[in-house]
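Enquirer: The amino acid sequence is not available; the structure is as follows:
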Ligand SMILES: NC(=O)c1ccc[n+]([C@@H]2O[C@H](COP(=O)([O-])OP(=O)(O)OC[C@H]3O[C@@H](n4cnc5c(N)ncnc54)[C@H](OP(=O)(O)O)[C@@H]3O)[C@@H](O)[C@H]2O)c1
(Lines give C-alpha, C1' and ligand atoms only; values in the text may rest on other atoms or scores of the structure.)
Protein backbone atom coordinates (compact mmCIF):
# COMPACT_ATOMS: atom_id res chain seq x y z
CA UNK A 1 0.00 0.00 0.00
CA UNK A 2 1.01 3.60 -0.62
CA UNK A 3 -0.09 6.21 1.92
CA UNK A 4 -1.07 9.38 0.07
CA UNK A 5 -1.49 12.87 1.49
CA UNK A 6 -4.43 13.95 -0.66
CA UNK A 7 -4.21 17.39 -2.25
CA UNK A 8 -7.28 17.02 -4.47
CA UNK A 9 -10.07 14.51 -4.95
CA UNK A 10 -12.39 14.27 -7.92
CA UNK A 11 -16.18 14.31 -8.04
CA UNK A 12 -18.06 11.99 -10.37
CA UNK A 13 -21.71 11.90 -11.32
CA UNK A 14 -21.99 8.50 -9.57
CA UNK A 15 -21.26 10.34 -6.26
CA UNK A 16 -24.51 12.29 -6.71
CA UNK A 17 -26.44 9.09 -7.45
CA UNK A 18 -24.81 7.37 -4.43
CA UNK A 19 -25.70 10.26 -2.13
CA UNK A 20 -29.32 9.98 -3.28
CA UNK A 21 -29.30 6.21 -2.65
CA UNK A 22 -29.69 5.52 -6.38
CA UNK A 23 -26.37 3.83 -7.06
CA UNK A 24 -26.53 0.06 -6.91
CA UNK A 25 -22.80 -0.46 -6.36
CA UNK A 26 -22.48 2.00 -3.47
CA UNK A 27 -21.79 0.56 0.00
CA UNK A 28 -24.49 0.91 2.66
CA UNK A 29 -24.73 4.29 4.43
CA UNK A 30 -22.69 5.76 6.01
CA UNK A 31 -19.82 5.56 3.54
CA UNK A 32 -17.14 7.85 2.11
CA UNK A 33 -17.57 8.43 -1.65
CA UNK A 34 -14.81 9.20 -4.13
CA UNK A 35 -13.13 7.34 -6.97
CA UNK A 36 -9.87 9.19 -7.37
CA UNK A 37 -7.34 11.20 -5.40
CA UNK A 38 -4.15 13.00 -6.27
CA UNK A 39 -1.44 13.93 -3.84
CA UNK A 40 2.00 12.92 -2.62
CA UNK A 41 3.19 9.57 -1.32
CA UNK A 42 4.16 9.96 2.34
CA UNK A 43 4.61 6.33 3.41
CA UNK A 44 5.01 2.95 1.71
CA UNK A 45 4.37 -0.61 2.81
CA UNK A 46 7.37 -2.85 3.52
CA UNK A 47 8.85 -4.35 0.38
CA UNK A 48 7.68 -1.61 -2.02
CA UNK A 49 10.10 0.37 -4.14
CA UNK A 50 11.35 3.32 -2.06
CA UNK A 51 11.30 5.57 -5.15
CA UNK A 52 7.52 5.96 -4.62
CA UNK A 53 8.21 8.19 -1.59
CA UNK A 54 7.53 11.88 -2.32
CA UNK A 55 6.10 11.21 -5.81
CA UNK A 56 3.12 13.26 -7.05
CA UNK A 57 0.56 10.63 -7.91
CA UNK A 58 -2.98 9.92 -9.04
CA UNK A 59 -4.74 6.88 -7.56
CA UNK A 60 -8.03 5.13 -8.29
CA UNK A 61 -10.03 4.32 -5.18
CA UNK A 62 -13.12 2.17 -4.95
CA UNK A 63 -14.95 4.67 -2.72
CA UNK A 64 -13.19 6.55 0.12
CA UNK A 65 -11.66 9.27 -2.06
CA UNK A 66 -13.11 12.20 -0.09
CA UNK A 67 -10.20 11.97 2.38
CA UNK A 68 -7.17 13.89 3.58
CA UNK A 69 -4.91 10.83 3.85
CA UNK A 70 -5.61 7.54 2.11
CA UNK A 71 -3.95 4.15 1.58
CA UNK A 72 -4.03 3.16 -2.11
CA UNK A 73 -2.88 0.19 -4.14
CA UNK A 74 0.30 0.78 -6.20
CA UNK A 75 -1.33 -1.27 -8.98
CA UNK A 76 -3.79 1.57 -9.67
CA UNK A 77 -1.50 4.50 -8.81
CA UNK A 78 0.43 6.46 -11.45
CA UNK A 79 2.79 9.41 -11.39
CA UNK A 80 1.14 12.58 -12.68
CA UNK A 81 2.63 14.73 -15.45
CA UNK A 82 4.84 17.53 -14.11
CA UNK A 83 2.81 20.34 -15.67
CA UNK A 84 -0.50 19.10 -14.18
CA UNK A 85 -1.85 20.52 -10.91
CA UNK A 86 -3.27 18.03 -8.42
CA UNK A 87 -6.81 19.19 -9.29
CA UNK A 88 -6.20 18.79 -13.05
CA UNK A 89 -4.77 15.32 -12.46
CA UNK A 90 -8.03 14.11 -10.85
CA UNK A 91 -9.74 14.46 -14.25
CA UNK A 92 -7.32 11.89 -15.67
CA UNK A 93 -8.63 9.33 -13.12
CA UNK A 94 -12.06 7.78 -13.54
CA UNK A 95 -13.34 9.99 -16.34
CA UNK A 96 -10.35 10.04 -18.71
CA UNK A 97 -9.59 6.38 -17.99
CA UNK A 98 -13.22 5.43 -18.70
CA UNK A 99 -13.10 7.41 -21.94
CA UNK A 100 -9.75 5.83 -22.86
CA UNK A 101 -11.10 2.33 -22.41
CA UNK A 102 -14.23 3.11 -24.42
CA UNK A 103 -12.58 4.72 -27.44
CA UNK A 104 -9.12 3.14 -27.52
CA UNK A 105 -9.44 -0.30 -25.95
CA UNK A 106 -13.07 -1.40 -26.56
CA UNK A 107 -13.35 0.15 -30.03
CA UNK A 108 -11.11 1.89 -32.50
CA UNK A 109 -12.64 5.06 -33.90
CA UNK A 110 -11.83 5.60 -37.59
CA UNK A 111 -11.28 8.95 -39.31
CA UNK A 112 -14.45 8.55 -41.43
CA UNK A 113 -16.71 7.50 -38.55
CA UNK A 114 -19.79 9.48 -37.54
CA UNK A 115 -19.38 9.57 -33.77
CA UNK A 116 -22.15 10.46 -31.31
CA UNK A 117 -21.03 11.51 -27.82
CA UNK A 118 -23.88 11.95 -25.33
CA UNK A 119 -23.42 14.05 -22.15
CA UNK A 120 -20.53 15.55 -24.10
CA UNK A 121 -20.15 18.43 -21.61
CA UNK A 122 -19.43 16.08 -18.70
CA UNK A 123 -16.04 14.77 -17.64
CA UNK A 124 -16.18 11.53 -19.66
CA UNK A 125 -17.63 13.42 -22.64
CA UNK A 126 -14.84 16.00 -22.60
CA UNK A 127 -12.23 13.24 -22.38
CA UNK A 128 -13.80 11.39 -25.33
CA UNK A 129 -13.62 14.59 -27.38
CA UNK A 130 -9.92 15.05 -26.48
CA UNK A 131 -9.06 11.51 -27.56
CA UNK A 132 -11.26 11.36 -30.70
CA UNK A 133 -11.14 14.86 -32.20
CA UNK A 134 -7.51 14.58 -33.40
CA UNK A 135 -8.52 11.49 -35.45
CA UNK A 136 -10.69 13.68 -37.68
CA UNK A 137 -13.97 11.78 -37.13
CA UNK A 138 -17.30 13.59 -37.67
CA UNK A 139 -18.54 14.48 -34.18
CA UNK A 140 -22.14 14.85 -32.96
CA UNK A 141 -21.95 16.34 -29.48
CA UNK A 142 -25.03 15.81 -27.31
CA UNK A 143 -26.55 17.57 -24.33
CA UNK A 144 -30.00 18.00 -22.82
CA UNK A 145 -29.31 21.71 -23.05
CA UNK A 146 -29.48 23.44 -26.45
CA UNK A 147 -27.03 26.12 -25.25
CA UNK A 148 -24.46 23.55 -24.12
CA UNK A 149 -24.79 21.44 -27.29
CA UNK A 150 -24.38 24.50 -29.51
CA UNK A 151 -21.44 25.87 -27.50
CA UNK A 152 -19.69 22.48 -27.67
CA UNK A 153 -20.36 22.10 -31.38
CA UNK A 154 -18.95 25.54 -32.08
CA UNK A 155 -15.86 24.96 -29.95
CA UNK A 156 -15.05 21.65 -31.63
CA UNK A 157 -16.32 22.18 -35.19
CA UNK A 158 -18.98 19.50 -34.58
CA UNK A 159 -22.75 19.01 -34.97
CA UNK A 160 -24.93 19.88 -31.94
CA UNK A 161 -27.31 17.16 -30.77
CA UNK A 162 -30.09 18.05 -28.30
CA UNK A 163 -32.05 15.24 -26.68
CA UNK A 164 -34.30 14.38 -23.76
CA UNK A 165 -36.03 11.39 -22.23
CA UNK A 166 -38.89 11.81 -24.71
CA UNK A 167 -36.70 12.70 -27.66
CA UNK A 168 -33.62 10.41 -27.73
CA UNK A 169 -30.46 11.36 -29.61
CA UNK A 170 -31.34 9.65 -32.91
CA UNK A 171 -34.42 11.87 -33.35
CA UNK A 172 -32.07 14.84 -33.62
CA UNK A 173 -29.72 13.24 -36.17
CA UNK A 174 -30.03 14.58 -39.72
CA UNK A 175 -32.21 12.23 -41.81
CA UNK A 176 -30.20 9.56 -43.67
CA UNK A 177 -27.35 10.08 -41.17
CA UNK A 178 -26.57 6.88 -39.29
CA UNK A 179 -24.04 6.74 -36.49
CA UNK A 180 -20.96 4.50 -36.65
CA UNK A 181 -20.06 4.85 -32.99
CA UNK A 182 -22.29 5.97 -30.08
CA UNK A 183 -20.97 6.69 -26.58
CA UNK A 184 -24.03 6.39 -24.37
CA UNK A 185 -24.22 7.10 -20.60
CA UNK A 186 -28.02 7.53 -20.79
CA UNK A 187 -29.25 3.95 -21.10
CA UNK A 188 -32.83 2.78 -21.87
CA UNK A 189 -34.23 3.54 -25.31
CA UNK A 190 -31.19 5.67 -26.07
CA UNK A 191 -29.31 2.35 -26.34
CA UNK A 192 -32.16 -0.02 -27.26
CA UNK A 193 -33.61 1.94 -30.17
CA UNK A 194 -30.31 3.73 -30.77
CA UNK A 195 -28.83 0.51 -32.13
CA UNK A 196 -31.36 0.63 -34.99
CA UNK A 197 -29.99 4.04 -35.96
CA UNK A 198 -26.44 2.84 -36.42
CA UNK A 199 -24.83 1.98 -39.76
CA UNK A 200 -23.51 -1.55 -40.48
CA UNK A 201 -20.26 -1.86 -38.55
CA UNK A 202 -21.76 0.36 -35.84
CA UNK A 203 -20.61 0.10 -32.21
CA UNK A 204 -22.86 1.14 -29.32
CA UNK A 205 -20.89 1.72 -26.11
CA UNK A 206 -23.24 1.69 -23.14
CA UNK A 207 -21.72 2.83 -19.84
CA UNK A 208 -24.42 4.39 -17.71
CA UNK A 209 -28.07 4.97 -16.88
CA UNK A 210 -28.08 8.71 -16.19
CA UNK A 211 -31.84 8.96 -16.41
CA UNK A 212 -32.22 7.10 -13.09
CA UNK A 213 -31.45 10.25 -11.10
CA UNK A 214 -34.89 11.80 -11.19
CA UNK A 215 -37.80 11.46 -8.79
CA UNK A 216 -40.28 9.14 -10.59
CA UNK A 217 -37.77 6.44 -9.86
CA UNK A 218 -39.69 3.16 -10.03
CA UNK A 219 -41.70 4.13 -13.11
CA UNK A 220 -38.59 5.47 -14.78
CA UNK A 221 -36.61 2.35 -13.85
CA UNK A 222 -39.18 0.05 -15.46
CA UNK A 223 -39.37 2.25 -18.52
CA UNK A 224 -35.57 2.45 -18.71
CA UNK A 225 -35.15 -1.35 -18.46
CA UNK A 226 -37.86 -1.87 -21.08
CA UNK A 227 -36.22 0.73 -23.28
CA UNK A 228 -32.95 -1.20 -23.39
CA UNK A 229 -34.84 -3.92 -25.30
CA UNK A 230 -33.60 -7.41 -26.09
CA UNK A 231 -30.79 -7.85 -28.57
CA UNK A 232 -30.31 -11.30 -29.98
CA UNK A 233 -26.73 -11.91 -31.22
CA UNK A 234 -28.15 -13.09 -34.56
CA UNK A 235 -29.90 -9.76 -35.09
CA UNK A 236 -26.69 -7.92 -34.23
CA UNK A 237 -24.70 -10.25 -36.48
CA UNK A 238 -27.07 -9.76 -39.44
CA UNK A 239 -26.77 -6.01 -39.07
CA UNK A 240 -23.04 -6.24 -38.26
CA UNK A 241 -23.53 -4.13 -35.14
CA UNK A 242 -21.96 -4.42 -31.70
CA UNK A 243 -23.14 -3.58 -28.20
CA UNK A 244 -20.27 -3.03 -25.77
CA UNK A 245 -20.53 -2.17 -22.08
CA UNK A 246 -18.15 -0.98 -19.39
CA UNK A 247 -18.32 -0.92 -15.59
CA UNK A 248 -15.09 0.47 -14.15
CA UNK A 249 -15.88 -0.81 -10.65
CA UNK A 250 -15.99 -4.40 -11.90
CA UNK A 251 -12.72 -3.84 -13.76
CA UNK A 252 -11.16 -2.28 -10.63
CA UNK A 253 -12.22 -5.28 -8.52
CA UNK A 254 -11.38 -8.07 -10.95
CA UNK A 255 -8.69 -6.63 -13.24
CA UNK A 256 -6.75 -3.91 -11.37
CA UNK A 257 -3.76 -4.72 -13.61
CA UNK A 258 -5.81 -3.69 -16.65
CA UNK A 259 -7.02 -0.51 -14.95
CA UNK A 260 -3.45 0.41 -13.99
CA UNK A 261 -2.31 -0.14 -17.59
CA UNK A 262 -5.06 2.13 -18.95
CA UNK A 263 -4.29 4.81 -16.34
CA UNK A 264 -0.65 4.80 -17.42
CA UNK A 265 -1.69 5.05 -21.10
CA UNK A 266 -3.88 8.06 -20.25
CA UNK A 267 -0.94 9.70 -18.46
CA UNK A 268 1.31 9.03 -21.48
CA UNK A 269 -1.27 10.57 -23.83
CA UNK A 270 -1.88 13.57 -21.55
CA UNK A 271 1.87 14.21 -21.40
CA UNK A 272 2.18 14.55 -25.18
CA UNK A 273 2.83 18.08 -26.44
CA UNK A 274 -0.35 19.67 -27.79
CA UNK A 275 -2.73 17.54 -25.71
CA UNK A 276 -5.48 19.86 -24.48
CA UNK A 277 -5.62 19.75 -20.69
CA UNK A 278 -8.92 18.91 -18.95
CA UNK A 279 -11.20 21.75 -17.90
CA UNK A 280 -11.46 21.65 -14.12
CA UNK A 281 -13.65 23.58 -11.65
CA UNK A 282 -11.87 23.63 -8.32
CA UNK A 283 -13.58 23.96 -4.94
CA UNK A 284 -12.14 24.31 -1.43
CA UNK A 285 -12.90 21.37 0.90
CA UNK A 286 -15.47 23.39 2.86
CA UNK A 287 -17.36 24.07 -0.40
CA UNK A 288 -18.07 20.38 -0.98
CA UNK A 289 -21.89 20.75 -0.66
CA UNK A 290 -21.75 23.56 -3.23
CA UNK A 291 -19.65 21.39 -5.55
CA UNK A 292 -22.19 18.55 -5.28
CA UNK A 293 -25.08 20.91 -5.95
CA UNK A 294 -23.31 22.22 -9.04
CA UNK A 295 -22.63 18.70 -10.32
CA UNK A 296 -26.23 17.61 -9.68
CA UNK A 297 -27.58 20.73 -11.44
CA UNK A 298 -26.30 19.43 -14.79
CA UNK A 299 -24.86 22.90 -15.47
CA UNK A 300 -21.23 21.95 -14.96
CA UNK A 301 -18.80 21.48 -17.84
CA UNK A 302 -15.77 19.23 -17.40
CA UNK A 303 -14.27 17.98 -14.14
CA UNK A 304 -15.13 19.07 -10.60
CA UNK A 305 -12.35 18.68 -8.04
CA UNK A 306 -12.03 19.53 -4.36
CA UNK A 307 -8.70 20.69 -2.94
CA UNK A 308 -7.55 19.85 0.56
CA UNK A 309 -4.30 19.94 2.57
CA UNK A 310 -3.42 23.24 0.89
CA UNK A 311 -0.48 25.03 2.57
N1 LIG B 1 -19.61 2.64 -16.53
C2 LIG B 1 -18.60 3.26 -15.95
O3 LIG B 1 -17.64 2.64 -15.54
C4 LIG B 1 -18.66 4.75 -15.83
C5 LIG B 1 -17.51 5.47 -15.49
C6 LIG B 1 -17.60 6.87 -15.42
C7 LIG B 1 -18.83 7.49 -15.64
N8 LIG B 1 -19.92 6.75 -15.93
C9 LIG B 1 -21.23 7.36 -16.18
O10 LIG B 1 -21.08 8.26 -17.24
C11 LIG B 1 -21.96 9.36 -17.06
C12 LIG B 1 -21.18 10.66 -17.20
O13 LIG B 1 -20.22 10.67 -16.17
P14 LIG B 1 -19.32 11.96 -15.94
O15 LIG B 1 -18.36 11.60 -14.89
O16 LIG B 1 -18.86 12.49 -17.24
O17 LIG B 1 -20.37 12.93 -15.31
P18 LIG B 1 -20.41 14.51 -15.23
O19 LIG B 1 -19.11 15.13 -15.51
O20 LIG B 1 -21.12 14.80 -13.98
O21 LIG B 1 -21.38 14.82 -16.46
C22 LIG B 1 -22.67 14.47 -16.34
C23 LIG B 1 -23.42 14.93 -17.56
O24 LIG B 1 -24.59 14.13 -17.48
C25 LIG B 1 -25.71 14.88 -17.82
N26 LIG B 1 -26.73 14.74 -16.75
C27 LIG B 1 -26.73 15.26 -15.51
N28 LIG B 1 -27.87 14.92 -14.87
C29 LIG B 1 -28.58 14.16 -15.72
C30 LIG B 1 -29.85 13.52 -15.66
N31 LIG B 1 -30.62 13.58 -14.58
N32 LIG B 1 -30.27 12.85 -16.75
C33 LIG B 1 -29.53 12.81 -17.83
N34 LIG B 1 -28.32 13.40 -17.96
C35 LIG B 1 -27.86 14.06 -16.92
C36 LIG B 1 -25.28 16.31 -17.98
O37 LIG B 1 -25.25 16.51 -19.34
P38 LIG B 1 -26.23 17.51 -20.08
O39 LIG B 1 -26.97 18.32 -19.05
O40 LIG B 1 -25.30 18.33 -20.89
O41 LIG B 1 -27.12 16.65 -20.86
C42 LIG B 1 -23.84 16.37 -17.47
O43 LIG B 1 -23.02 17.17 -18.28
C44 LIG B 1 -22.64 9.17 -15.71
O45 LIG B 1 -23.90 8.61 -15.91
C46 LIG B 1 -21.73 8.20 -14.99
O47 LIG B 1 -22.41 7.44 -14.03
C48 LIG B 1 -19.85 5.40 -16.04
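Expert: Cool, the structure landed. Computed from a predicted model, the values in this text were never measured in an experiment. Residues are numbered from 1 along each chain as shown.
Enquirer: can you map out the helices along this protein?
Expert: Assigned by DSSP state H, the helices in the chain fall at 13-19, 86-91, 94-100, 123-132, 146-156, 189-192, 217-228, 233-239, 248-254, 256-270, 288-297.
Enquirer: Any idea how far the third one is from the middle of the chain?
Expert: Right, helix 94-100. Taking the mean of its C-alpha atoms, helix 94-100 sits 5 Å from the chain's own mean (CA atoms, centre = their mean, to the nearest Å).
Enquirer: wait, does that helix make contact with the ligand?
Expert: Yes - interface with the ligand: helix 94-100 contributes 94-95, 98 (CB under 6 Å from any ligand atom). C-beta: built from backbone N, CA, C; applies to glycine.
Enquirer: can you pick the most crowded of those?
Expert: residue 94 (29 neighbours; other CB atoms under 10 Å).
Enquirer: wait, doesn't it sit right on residue 11?
Expert: No - assessed by CB atoms under 8 Å, residue 94 is found out of contact with residue 11, at 9.8 Å.
Enquirer: now for the helices of the chain, which one comes closest to residue 305?
Expert: Shortest distance between residue 305 and the helices of the chain, using CB to CB, is found for helix 86-91: 4.1 Å.
Enquirer: Show me what the closest one is packed against.
Expert: Secondary-structure packing of helix 86-91 (3 or more CB pairs under 8 Å, 6 or more residues apart in numbering; DSSP states H and E): strand 2-11, strand 36-44, strand 56-60, strand 280-284, strand 303-307.
Enquirer: Could I get those strands in JSON lines, plus columns for mean pLDDT?
Expert: As requested, those are exported to JSON lines (pLDDT from 0 to 100):
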{"stretch": "strand 2-11", "mean pLDDT": "98"}
{"stretch": "strand 36-44", "mean pLDDT": "97"}
{"stretch": "strand 56-60", "mean pLDDT": "98"}
{"stretch": "strand 280-284", "mean pLDDT": "96"}
{"stretch": "strand 303-307", "mean pLDDT": "96"}
